[in-house]
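Provide a 3D model corresponding to the input given below.
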Amino acid sequence: MLVPVFAALKLSLLRNGLRQSSGRRAAYIASVVLVGLFAVLQLLGLIALRGHEHAATLVVTLTGVLALGWAVMPLFFPGGDETLDATRLVMLPLRPRTLIVALLTSSLIGIGPLFTLALAVGSVVAVAHGAAAAVVAVLAVLLTMLVCVALARMVATANIRLLTSRKGRDLALLSGLFIAVGAQAVNLGTQKLSDAGGLGALEPAADVLRWVPPAAAVDAVWSVGDGSYGTAAAQLGLTVAALVGILWFWQRSLSTLMTSPDSSTIQVARERTRPTDARGPARWLPAGRTGTVMLRTLRYAWRDPKTKAGWATALGIGLLLPVVMVAQGDGSVYSACWAAGLLGMQMYNQFGQDSSAFWMVAQTIGTPRDAYLELRGRALALVLVALPYVTLVVIGAAALLGDWAAFPETLGLSLALLGALLATGALASARYPYSIPQDSGYKNVVPGQAGLAWISILGGMLVGALLCAPILGLTIWLHVADHHGLLWLILPIGAAYAYAVTHLGLRLAAPRTADRLPEILTAVSKG
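Down below sits the predicted model:
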């Protein structure tokens, strides 16, 4: 029997992992204590909801969110469980059907399943009324556990080639953005639920989720207690069908994974047949050095893990903050300026992104004109993304608030802020470069250069804010003087000001860059 073997293997992996270091052992014990405490409090809270008119609504929504978490967690934390990598079992003579039973059983061991069990038990206790409902509750808990665990296994198996590759590690770096977005969603949800009758706001979502497994199994307990036996049977049947479908797709993915060749073995042959000329949107970039630098910068943003994480965070948070402020009831169209500010910050420490490879760039810079073209290409790559993105964010904020009159001035201020940060970013890149660690960790500054990073970022932000003062002062004066009919002028004035200040910043940074090439190379090569 494979089941006890895989269960023992999972326990051995956990035990041996704790033996690696005292720090890891302490972290694991602390996480077990915290998760256990939270699970107990959650269990008691759900039991306390028993008899509440909106208890079914809450537990159905919680179960749906829990299943979503199980589905997406393997994508962002693929290294959290070594048994998720089924490619380690390729050389063993195991049949997929037998293997998935053993893997499913071993997946029920751990902190996550314990937390899920507590939520499932608390959910069914909160809505179970009567002997028949109690019997269905046992089946609902079992189905909820199996669907969640099988769903995570299916997603991990279907994407294991990606998760164990460089792109998978890039995806893991974006987990911080995922957590930030999730935290904001939880924050907004908590605020809504804290209002009088707040649980009633979940009714529309619960009406949909009560037919989505595994939340359907939990709602079946309520349906049985309410006397709706036909509805309960349909919900349980739907959950069983979903579980069978997940297991079938998991088995199919597992068979394909364990019988198909690794794509890395045929990648070289594909690259030999790939044309070297520019295709797609790259053909529209300017000719000469400017276009080459723009293409390199955009490829860094797409391929380099740290650069990609920075860009993704700026794009995500820049869109999230205006939406959150609007949802909280204290929003303003001006909050869209965050999008321009966060994207403009990507201009800082441009040479640190190159790391030790900056020596190749330095070889091509012989005059301030060369340095100017290099910096201009990097700035234009940012503008290529920032200009349409900032415009869309401002349009979205104006649409959500219904304040279209503030659109021109907000966009003008956003462009002025973007231009100011591009200018100060170019100067800071030349004057205060620092190295970015090239490992897979989350540190963005090597030890000993944190001071340079703070000076570069904070100093640049302060100077950027001062550079925006003329446009901001003009906007305030037009409001105070009651010249609202002229506020549209802020848009063309802000755009022209952004171009002028960016051009000036690049011109000032170019000779400093050309004169400090050895110092820049030394500073960015420490990672």
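
where does the chain have its least confident helix or strand?
Least confident element among the helices and strands of the chain, by mean pLDDT, DSSP states H and E: helix 267-272 (a mean of 44).

what helices or strands is the helix or strand following that one leaning on?
Going down the chain from helix 267-272, the next helix or strand is helix 288-303, by DSSP states H and E. If you count contacts as 3 or more CB pairs under 8 Å, 6 or more residues apart in numbering; DSSP states H and E, helix 288-303 packs onto helix 305-327, helix 368-401. C-betas here are computed from N, CA, C, even on glycine.

with distance to residue 501 and mean neighbour count added, can I get those helices in CSV?
Shown next, in CSV, are the helices and strands packed on helix 288-303 (distance: least, CB to CB, whole Å; neighbours: other CB atoms under 10 Å):
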stretch, distance to residue 501, mean neighbour count
helix 305-327, 20, 19
helix 368-401, 12, 20
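
just put these in TSV and tack on distance to residue 135.
Formatted as TSV, the helices and strands packed on helix 288-303 follow (distance: least, CB to CB, whole Å):
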stretch	distance to residue 135
helix 305-327	42
helix 368-401	48
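
three-state assignment of residue 227?
Under DSSP: H, G, I helix; E, B strand; the rest coil, the three-state class of residue 227 is coil.

quick one: the helices and strands packed on helix 288-303 as TSV, columns for mean pLDDT and distance to residue 339 too.
Shown next, in TSV, are those (pLDDT from 0 to 100; distance: least, CB to CB, whole Å):
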stretch	mean pLDDT	distance to residue 339
helix 305-327	78	3
helix 368-401	91	4
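
so residue 302 makes contact with residue 312?
No: assessed by CB atoms under 8 Å, residue 302 is found out of contact with residue 312, at 10.3 Å.

just the strands in the stretch 51-200 of the chain please.
Along the stretch 51-200 of the chain, no stretch is classed among the strands by DSSP state E, counting those that start in this stretch.

helices of that one, start to end?
Assignment of helices within the stretch 51-200 of the chain using DSSP state H, counting those that start in this stretch yields the ranges 55-76, 96-107, 111-127, 131-158, 160-163, 166-173, 175-193.

among those helices, which is nearest residue 371?
helix 166-173 (30.0 Å; CB to CB).

just to revisit the earlier point, nearest to residue 487, out of the helices and strands packed on helix 288-303?
helix 368-401 (13.2 Å).

gap between the closest one and the chain center?
Its chain's C-alpha centre and that of helix 368-401 lie 21 Å apart, by CA atoms, centre = their mean, to the nearest Å.

now for it, which elements pack on it?
Under the contact criterion of 3+ CB pairs under 8 Å, 6+ apart, helix 368-401 touches helix 288-303, helix 305-327, helix 337-344, helix 407-431, helix 490-515.

can you list these in TSV and add distance to residue 45?
Shown next, in TSV, are the helices and strands packed on helix 368-401 (distance: least, CB to CB, whole Å):
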stretch	distance to residue 45
helix 288-303	44
helix 305-327	25
helix 337-344	35
helix 407-431	43
helix 490-515	51
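
rank the ones you listed by mean pLDDT and give me the bottom one.
Lowest mean pLDDT of the helices and strands packed on helix 368-401: helix 305-327, a mean of 78.

chain center to that helix: distance?
9 Å.

next: stretch 407-416.
Using CA atoms, centre = their mean, the offset of stretch 407-416 from its chain centre is 27 Å.

CA atoms only: put it into CSV for me.
Provided in CSV are the C-alpha atoms of stretch 407-416 (Å, rounded to 0.1, in the frame of the first residue of the first chain):
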residue,chain,number,x,y,z
PHE,A,407,-10.0,64.7,-14.9
PRO,A,408,-7.9,67.3,-16.8
GLU,A,409,-6.3,68.8,-13.8
THR,A,410,-5.6,65.4,-12.2
LEU,A,411,-4.0,64.0,-15.3
GLY,A,412,-1.9,67.2,-15.7
LEU,A,413,-0.7,66.9,-12.1
SER,A,414,0.0,63.2,-12.6
LEU,A,415,2.1,63.9,-15.7
ALA,A,416,4.0,66.6,-13.9
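
quick one, which of the helices and strands packed on helix 368-401 is nearest to residue 44?
The closest of these to residue 44 is helix 305-327. By CB to CB, the value is 29.9 Å.

domain map for the chain?
Domain ranges of the chain: 2-176+193-261, 282-524, per automatic domain parsing.

burial check on the residue lying closest to residue 376 once chain neighbours are set aside, number of neighbours?
Once flanking residues are discounted, residue 376 sits nearest to residue 506: 5.6 Å by CB to CB, 6 or more residues apart in numbering. Per other CB atoms under 10 Å, the neighbour tally for residue 506 reads 23.

also residue 202?
By the criterion of other CB under 10 Å, residue 202 has 19 neighbours.

do the same with the one 5 residues further on
Here the number of neighbours of residue 207 (other CB under 10 Å) works out to 11.

the one 5 residues further on too?
Neighbourhood size, residue 212 [other CB under 10 Å]: 18.

ramachandran coordinates for it?
Main-chain torsions, residue 212, degrees, to the nearest 10: phi -110, psi 120.

just checking, it touches residue 64?
Yes: using CB under 8 Å, residue 212 is in contact with residue 64, at 6.1 Å.

ok, back up a step: of the helices and strands packed on helix 288-303, which is nearest residue 259?
Proximity to residue 259 (CB to CB) singles out helix 305-327 among those, at 30.8 Å.

now that closest one against helix 288-303, angle please.
With axes from the mean of the first three to the mean of the last three CA atoms, to 10 degrees defining the directions, helix 305-327 sits at 70 degrees from helix 288-303.

circling back to that earlier point, most packed of the domains of the chain?
Counting by mean count of other CB atoms under 10 Å, domain 282-524 has the highest mean neighbour count of these, with a mean of 19.

chain center to it, what's the gap?
For domain 282-524, the distance to the chain centre is 21 Å (CA atoms, centre = their mean).

with stretch 204-222 instead?
With CA atoms, centre = their mean, you get 27 Å for stretch 204-222.
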